[in-house]
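K.L.:
just need the structure, nothing else, for what follows:
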Amino acid sequence: MSNLIAWIIRAIPFGTIIMFGSMGEILTEKSGNLNLGVPGIMYLGGFAGFASSYFYEKLSPNPNGVICVIIALLAAILASMLGGLIFSFLTITLRANQNVTGLALTTFGMGVANFFGVFILNGSSYSAAPLAYASFSKKIPYLHKLGVVGKTVFGYGFLVYVAIIIAVLLHFILNKTRVGLNLRAVGENPGTADAAGINVTKYKYLATCIGAGLSGIGGLYYVLDYNQGIWATTGQIEALGWLAVALVIFTTWKPLNAIWGAYLFGMLYWLYQFLPSLMGIKVASYVTDLVQMVPYVVTIIVLVVVSFRKKKENQPPESLGLSYFREER
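P.N.:
Below is the predicted model:
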């Protein structure tokens, strides 16, 4: 039982990271833009949030946890939205190839974060922002002490619950509001939406930039909560970014599905660590490597099944990845 609880406690924070990334990409793709720069954007968000909180703690004589959280969130969102703005300008205004631009943005985001990260590391293998970690990982008072339920439901930092709230709000906006319906129209057929008086360029820019901001919070959560407020130049954020992109396909572009889908991915990702103890068996190292592939294999299976069923509601936006040329309307 204790191993199962530990598995859940490990899976939920992990799933929260990719949930933010996938929600941002779902919003972006609903506008018809395919942004494969999610890993780079998460890198930018994670580094900007860490750097701002790190220098605030270092330079302030009496740092405050609440202010630290606000500064880190603002920095992460602005930096990642800047990445989304770069992508938008290149693909919407200049009509560059979205696949190539997204991959270039991933390399750019990682390069910028690692370059400036060298000045923070200052020759060390890692740097830490302890106040930011304590603030972001602070659990709900009293409730997290209520036995098993407290540990598995209330034993996380506030961004875990913010992610769920955003997923619900995003579902409501996309399906129940005029703005959401207009955005979906732009993603399905921008020519028709343009003829109906919808500003296609504005919707694409806003969806892409706001989506990038959401993805950036995932990188922030990884560094300042999941990774205990430690910044190190590793490629883990990139790997999680690609997993977030895979989750978009797994959820069939539905924000509510991102909630349980992210946690399922988290369970599957950590399966290799808890499966032997749960089953009481010893597993060879090569088997654990194969088990780590399970989330990606499940995504491929879902993609195949969805392709065969061909239900309209489970398909990506019709104009996904295609630049809009108003002259061709």
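
K.L.:
every contact and neighbour count from this point should use C-alpha atoms.
P.N.:
OK.

K.L.:
please settle this for me: is I300 part of a strand?
P.N.:
No: going by DSSP: H, G, I helix; E, B strand; the rest coil, the assignment for I300 is helix, not a strand.

K.L.:
neighbours around it, how many?
P.N.:
15 (other CA atoms under 10 Å).

K.L.:
again with the one 3 residues further on
P.N.:
Residues near L303, counting by other CA under 10 Å, number 18.

K.L.:
please, where are all the strands along the stretch 201-329 of the chain?
P.N.:
For the stretch 201-329 of the chain, strands defined by DSSP state E, counting those that start in this stretch occupy the ranges 230-231.

K.L.:
correction: the previous question concerned the stretch 51-200 of the chain.
P.N.:
Applying DSSP E, counting those that start in this stretch to the stretch 51-200 of the chain gives strands spanning 127-128.

K.L.:
got any ranges where it has weak pLDDT?
P.N.:
Within the stretch 51-200 of the chain, the stretches with pLDDT under 70 are 123.

K.L.:
90 instead, please
P.N.:
60-61, 114-127, 139-155 (pLDDT under 90).

K.L.:
pretty sure D225 sits against Y133.
P.N.:
Yes: at 5.5 Å, D225 counts as touching Y133 under the criterion of CA atoms under 8 Å.

K.L.:
can you tell me what sits against stretch 109-117?
P.N.:
39-41, 43-44, 47-48, 83, 233, 238 (CA atoms under 8 Å, 6 or more residues apart in numbering).

K.L.:
T177: how many residues sit nearby?
P.N.:
Using other CA under 10 Å, T177 has 12 other residues around it.

K.L.:
again, but for G150
P.N.:
Neighbourhood size, G150 [other CA under 10 Å]: 16.

K.L.:
so who does the residue nearest to it when sequence neighbours are not counted touch?
P.N.:
Spatial nearest neighbour of G150, chain neighbours left out: H144 (4.0 Å); criterion: CA to CA, 6 or more residues apart in numbering. Residues in contact with H144, defined by CA under 8 Å, 6+ apart, are 150-151, 153-155.

K.L.:
in helices only, show me the residues you listed.
P.N.:
150-151, 153-154 (DSSP state H).

K.L.:
any idea which of the contacts of H144 has the most stuff around it?
P.N.:
Neighbour-wise, the contacts of H144 (other CA under 10 Å) top out at G155, 22 neighbours.

K.L.:
measure that residue to G147 for me?
P.N.:
Counting by CA to CA, to the nearest Å, the gap from G155 to G147 is 10 Å.

K.L.:
do the same with V66
P.N.:
As judged by CA to CA, V66 and G147 stand 28 Å apart.

K.L.:
neighbour-wise, which of the two wins?
P.N.:
The neighbour count for V66 versus G147, taken as other CA under 10 Å, is higher for V66 (13 against 9).

K.L.:
skipping its backbone neighbours, what lies nearest the more buried one in space?
P.N.:
Counting by CA to CA, 6+ apart, the residue nearest V66 is S135, at 7.2 Å.

K.L.:
dump the residue contacts of the one you found.
P.N.:
By CA under 8 Å, 6+ apart, S135 lies in contact with 65-66, 68-69.

K.L.:
quick one: it from L82, how far?
P.N.:
Note on S135: its distance to L82, by CA to CA, is 26 Å.

K.L.:
who are the contact partners of G213?
P.N.:
With CA under 8 Å, 6+ apart, G213 has these contacts: 24, 45, 76-81, 84.

K.L.:
let's see 10 Å
P.N.:
Shown in contact with G213 (CA atoms under 10 Å, 6 or more residues apart in numbering): 20-21, 24, 41-42, 45, 73-74, 76-84, 207.

K.L.:
just the helices in the stretch 201-329 of the chain please.
P.N.:
236-250, 255-269, 271-279, 285-291, 294-309 (DSSP state H, counting those that start in this stretch).

K.L.:
so for stretch 210-223, what's the average pLDDT?
P.N.:
Summarised as a single mean, pLDDT over stretch 210-223 is 96.

K.L.:
so how far is it from its chain's centroid?
P.N.:
Using CA atoms, centre = their mean, to the nearest Å, the distance from the centre of stretch 210-223 to the centre of the chain it belongs to is 6 Å.

K.L.:
I am finished for the moment; much appreciated.
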